[in-house]
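Undergrad: Predicted model and sequence below, questions to follow.
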Amino acid sequence: MASTQLNVFTLMLLLSLAFALASANEQVPAKPVEKHVDVGIEGVVYCQSCEHYGTWSLSGAKPISNSTIGVICKDYKKRVSFYKAFQTDANGYFYAELKGFKMGHSLLDHPLHSCSVKLVSSPQENCNSLTNVNYGLNGAPLRYEDKRLIGSRYEAVVYAAGPLAFRPAHCIPKNPS
């Protein structure tokens, strides 16, 4: 009787060991890596030459470093849902990352439709009058140019706006001859 109980006990021990080894070899599905997706807007701010005063031409324009632009997003009820100011770099380039931007409605509040870029200020005393070149005064719409920044855990969709421009305050209008 004792030997039968010992055999049953040994058999149970071997079965549980075999089951444990079989379970250990099963592949546990890996947890998918969550990707963080951001939205960014890029553009350039220039000083429009007096030669092109009153037009949208940026021929001969020079980039303005440390100028300020504002990104404004409104929800589908036309309420401001996001605002942040950004500065340009030494080449007049800005990259505005919309951290904190939330879409209440996936289509109506999409950045392409709900956000715009406006000129705020220029540090150049000789070029600080606002222009409406590419609607920089009223709000430049965003353009999708199929640009994405992709990393292993990061993705950014980058929209474009502008180029935008300030102009000198004292431009002498051209007289038609």
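TA: Great, that's in hand. Residues are numbered from 1 along each chain as shown.

Undergrad: Quick check: phi and psi on residue 51?
TA: Main-chain dihedrals, residue 51, degrees, to the nearest 10: phi -60, psi -30.

Undergrad: I'd guessed it sits against residue 60; true?
TA: Yes: because the distance of 6.2 Å satisfies CB atoms under 8 Å, residue 51 is recorded as touching residue 60. Using the backbone N, CA and C atoms, a C-beta is placed for each residue, glycine as well.

Undergrad: Distance of residue 130 relative to residue 116?
TA: The gap separating residue 130 from residue 116 is 14 Å, by CB to CB, to the nearest Å.

Undergrad: Next: residue 172.
TA: Using CB to CB, residue 172 is found at 32 Å from residue 116.

Undergrad: Tell me which of these two has more neighbours.
TA: Per other CB atoms under 10 Å, whichever of residue 172 and residue 116 has more neighbours is residue 116, with 20 against 8.

Undergrad: can you confirm the more buried one is in a strand?
TA: Yes: counting by DSSP: H, G, I helix; E, B strand; the rest coil, residue 116 falls inside a strand.

Undergrad: so it touches residue 161, yeah?
TA: Yes: the criterion here is CB under 8 Å, and residue 116 meets it with residue 161 at 7.4 Å.

Undergrad: what sits in contact with each of the two?
TA: Taking CB atoms under 8 Å, 6 or more residues apart in numbering as the contact rule, residue 116 and residue 161 both touch 140-142.
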